[in-house]
Each structure stands twice: as structure tokens, then as C-alpha cells.
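Below are the sequence and a predicted model; questions follow.
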Amino acid sequence: MELRETDFEELVLDSDRPVLVDFWASWCPPCKMMQPVIERLSVKVSDWADVYSVNIDRNPSLASQYQISGVPTFVAFAGGEPVDRKTGALTENQLTALLKKALEALPMEDEEGDEFECISEVLEPSCDSGPNGPIQPLPVASVTDLSQVKYQSPEGATQDATAMCRAFSPSNPVNIQPGPNGPGKSYVSPFGPETQKTQPTRLDSQDLITIVSGLPRSGTSLMMRMLNVGGIPALCDEHRTPDADNPNGYYEFESVKSIQNYSEWIDRAVGHSVKMVYTLLEHLPTDREYRVVFMRRHIDEIIQSQRAMLSRNGIKTEIPDEEIKELFERVLRQFYSWLPSQTHLKLINVSYNELLSRPASTISQINRHLGHGLDTQAMTQVIDHSLYRNRAA
């Protein structure tokens, strides 16, 4: 279960059970590899302990408070206090050992001792050996905003990079509509047909879902905003609010992250645009047709933008730019080799750089891809060149 800062005190600090918190990031390959392990562990220990996840990008104050300098970092809590921590990809037994330390640190009444002793007896022994001998330590990702990628385990099995911790389904999803102040000025209104004020277009009559995807910091939020004012309302929520890195908003919808196990929200996305990291596209139900706008940007600019964002949040990174660039190029090759077999996805590549330098022609291509009917003039007026702050040399 993913925690937000507002729930942390109640579920972690005030808990009378051992608690393990996984501090992770969506751009971290080892974090993705660990998610299935975390899921299994949470089920196995559910009768005596709790396991939660905290996304450091969404909760930077918690990351700062507990001095998270690398991910994944696992912190064991007992009685509201951290009692032990480990950074890097761990085995299930290593994680269980952290919870055992938290269990031992809890103040327990005598009558409860036998119960906890019995629970401890059925736990797997804390052994870090595999069939081929000792398991070698797995990588640690320095805190930097990499993309979600496929990660190759030491055993050679490709781990699904989209395996995520259970995400909250937003209790009050909203639909961002073009505001009364003209293009580029938006307001938030409750989700639902009875409150929508957008004018019908040829797109409204089609049973289509528009997906905006791409690498991080590639212009996906800008494209969501452009489509929104252009006539395709954005399906999003208020979980991630505007900040210095995206002053016009992120246009994200939290339920997207849970698509592997929960895809009912897809019905609500018909006729809308929704932002989705590209590694989740493989989980879209294939009985629908999707129009994908895939944002591309010079990778050097993406890296600069990521570093600037992390710097503004007081986060340091140690991964060399060349290593990040190689990673991005590799995952893009994997994506484009997978794409041709996906007949339900109709994709157009949109260059962020060309969108800013030649907006009219680029927006015209997007309009054709999405069936015409977009307000291309309104889309053009949304572009704010002052936010193009990280340019390739």
C-alpha cells in the first residue's frame, strides 16, 4: 500500500505493530524489481506486521526527514521510531529480518509474548543463500529521476519494470476543463458528464481513449494541457499539485499506476486524455482502441531538466549523465521493438523540440492523428517558451 504524508503518522508512527516502509521512486530500476517481493512479503506478514511504500518524488519532506539519499531504502519502525534500515535491493528474508528487529524493539506485554513467539517460529529463517550459493548484493539507485525501465536480475530473468506497489484510487477524481478566462487558463471541476462544459467535437462520437506518454521531463504535461484546451478533456486528479518544475500542473491520474490489477477506470477515460508512463502501455486492455501521443525530446535536455528538478528539491545524484543517456536509449529501443505487434495502439511520435520551434505543423499532425476537430489555435496559445529552461547545447 502506498502512503502519502498525511497518512504516515497514523499508519506508521502511531502503529502498535512492526512496520516496514519502502522508500522508492518510479524511475528506479531496483525499486521496480523489488515491488513483487514487497507485495509477497506484505501478504505473508499481514497477521503481525504492516508493509507500506512511500514514493519519494511525491513525498519529498518524508524523504528528507528520514535522510533518504538512495533508493530503494527500507526502514523498519517500532513504536513510531526507526530501528533499522537497509538501502538497495534485498531478499525477502532480509526484509523479514528488518521486521523481526522492529518486533523485538516493540514494548510487549507478557501475555502477548507467547503469541509473538509463535509467529516468529513460522517465519522463514533469515538466510541469504540461493541455490547457487550466496546471493550477491543488488544495485542501489542514486536519487535521480530515471525512467521506468526493464531491469535484468542476476539470474537473468527480466523483471517487469511496471510492477508497482498498490496505489490509492482517487476518491474524488476531477476533470480539468478549459476555463472561462480563455486558452491556457484552466479550472478544476468535478468529474462527470453532468458538469462538463466542453463543446462536442468529432472526437466525442468515437469510442477512443487518448494516451499521452513518453520519458519523464519530455513534455507530457504540456501535451496534456494542450489537448485539454484543444477539446479532449484531461482525466486527472489532485494528488500531485503544480510546483516550480511544472507550474501549470502535472495532469496525472493516480489510478493509472494500478492498471495491472485494476483497470475499471478505463471506462471513465473514453473521450478523455490520460497521462501514462510508457511501460504501463502493455497492460492496457486490448479490446479497445487507443490513440497514443508519444513525446520525444533530446535526451541531453531530459537529463538537464531532471537534474534541475532534483536540485530544486535538495536531492543529489551520483549517476553519470552518459550512463543515464545509455539507459534511456536502451529502454526506447526495447519499447519500439515491442510496439509493432500492438495493433490496438495507434501511436504518433511528437518532438517536444519541434513542437516549440514549429508549433503549427506539429499540432496539425497531432490533430490528424486524433481525428481532427481539435482547436489548434487554442493549443498553440498554451505553449509557454519561458518554461523551456533546459536546452541542448
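Arrived safely, thanks for sending.

Buried residues in the top helix by length along the chain, which are they?
Using DSSP state H, we find that the single longest helix of the chain is helix 321-338. For helix 321-338, the neighbour count (16 or more other Cβ atoms under 10 Å) marks Ile324, Leu327, Phe328, Val331, Leu332, Phe335 as buried. Every residue, glycine included, has its C-beta placed from N, CA and C.

do the same with stretch 2-20
With burial defined by 16+ other Cβ under 10 Å, the residues of stretch 2-20 counted as buried are Glu2, Leu3, Phe8, Val12, Ser15, Arg17, Pro18, Val19, Leu20.

For Asp300, state which of those residues is nearest.
Within these, the smallest distance to Asp300 is 32.0 Å, found for Glu2 (Cβ to Cβ).

just checking, that closest one touches Asn55?
Yes: contact criterion Cβ atoms under 8 Å: Glu2 and Asn55 qualify, at 6.5 Å.

The nearest residue to Ile259 once chain neighbours are set aside and Gln365, how far apart?
Closest residue to Ile259 apart from its sequence neighbours, by Cβ to Cβ, 6 or more residues apart in numbering: His283 at 4.6 Å. Counting by Cβ to Cβ, to the nearest Å, the gap from His283 to Gln365 is 27 Å.

same check, this time on Val75
Distance, Val75 to Gln365, by Cβ to Cβ: 48 Å.

between these two, who's got more neighbours?
Val75 (22 against 14; other Cβ atoms under 10 Å).

Report whether the expected contact of that one with Val21 is present.
Yes: at 4.9 Å, Val75 counts as touching Val21 under the criterion of Cβ under 8 Å.

per-residue pLDDT, the closest residue in space to Asn248 that isn't next to it in sequence?
In space, Asn248 comes closest to Arg225 once its chain neighbours are excluded; the distance is 5.7 Å by Cβ to Cβ, 6+ apart. We have a pLDDT of 94 for Arg225.

Arg225 belongs to a strand?
No: the assignment for Arg225 by DSSP: H, G, I helix; E, B strand; the rest coil gives helix, which leaves it out of any strand.

So which elements touch the longest helix of the chain?
For helix 321-338, the contact count by 3 or more Cβ pairs under 8 Å, 6 or more residues apart in numbering; DSSP states H and E identifies helix 299-312 as packing neighbours.

quick one, the helix it packs on and helix 321-338 angle?
120 degrees (axes from the mean of the first three to the mean of the last three Cα atoms, to 10 degrees).

Could you give me the buried positions within helix 299-312?
Buried positions in helix 299-312, judged by neighbour count with 16+ other Cβ under 10 Å: Ile299, Glu301, Ile302, Ile303, Gln304, Ser305, Gln306, Arg307, Met309, Leu310.

domain assignment for the protein?
The record's domain parsing of the chain by automatic domain parsing lists 2-132+139-143, 174-387.

any idea which helix or strand carries Arg40?
Assigned by DSSP states H and E, Arg40 falls within helix 29-44.

sorry, that was for Phe77
Here Phe77 is assigned to strand 73-78, by DSSP H and E.

Off-centre distance for that strand?
The chain centre lies 22 Å from the centre of strand 73-78; the measure is Cα atoms, centre = their mean, to the nearest Å.

The helix or strand following that strand pairs with which strands, and in what direction?
For strand 73-78, the succeeding helix or strand toward the C-terminus, using DSSP H and E, is strand 81-87. Applying DSSP bridges, strand 81-87 is found paired with strand 73-78 (antiparallel).

Let me know the closest of the buried residues of stretch 2-20 to Ala234.
For those, the nearest to Ala234 is Glu2 (22.1 Å; Cβ to Cβ).

Can you tell me how far the closest one is from Glu9?
Distance from Glu2 to Glu9, by Cβ to Cβ: 16 Å.

again with Ile266
Plainly put, Ile266 is 34 Å away from Glu9 if you go by Cβ to Cβ.

Mind listing the residues bridging to Ala78?
Beta-bridge pairing for Ala78 (DSSP bridges): Glu81.

Isn't it up against Ala102?
Yes: here Ala78 reaches Ala102: they are 4.1 Å apart, a contact under Cβ under 8 Å.

residues shared between the contacts of the two?
The contact sets of Ala78 and Ala102 overlap at Pro18, Val19 (Cβ atoms under 8 Å, 6 or more residues apart in numbering).

For the stretch 51-200 of the chain, which residues score under the pLDDT cut-off?
By pLDDT under 70, the low-scoring segments of the stretch 51-200 of the chain are 108-200.

what do you get if the cut-off is 50, keeping everything else the same?
Applying pLDDT under 50 to the stretch 51-200 of the chain picks out residues 110-200.

swap in the stretch 251-393 of the chain?
Low-confidence segments of the stretch 251-393 of the chain (pLDDT under 50): 393.

need the strands for it, in chain order.
Counting by DSSP state E, counting those that start in this stretch, the stretch 251-393 of the chain has strands at residues 273-275, 289-296, 345-351.

among the ones you listed, which is nearest Ser42?
strand 273-275 (27.5 Å).

what comes into contact with that closest one?
Identification of contacts with strand 273-275 by Cβ under 8 Å, 6+ apart yields 209-213, 220-221, 224, 227-228, 232-236, 250-253, 256.

The same query, at a cut-off of 10 Å, please.
When contacts are defined by Cβ atoms under 10 Å, 6 or more residues apart in numbering, strand 273-275 is touched by residues 176, 203, 208-214, 220-221, 223-228, 230-236, 250-253, 255-256, 265-266, 268, 290-291, 293, 295, 370.
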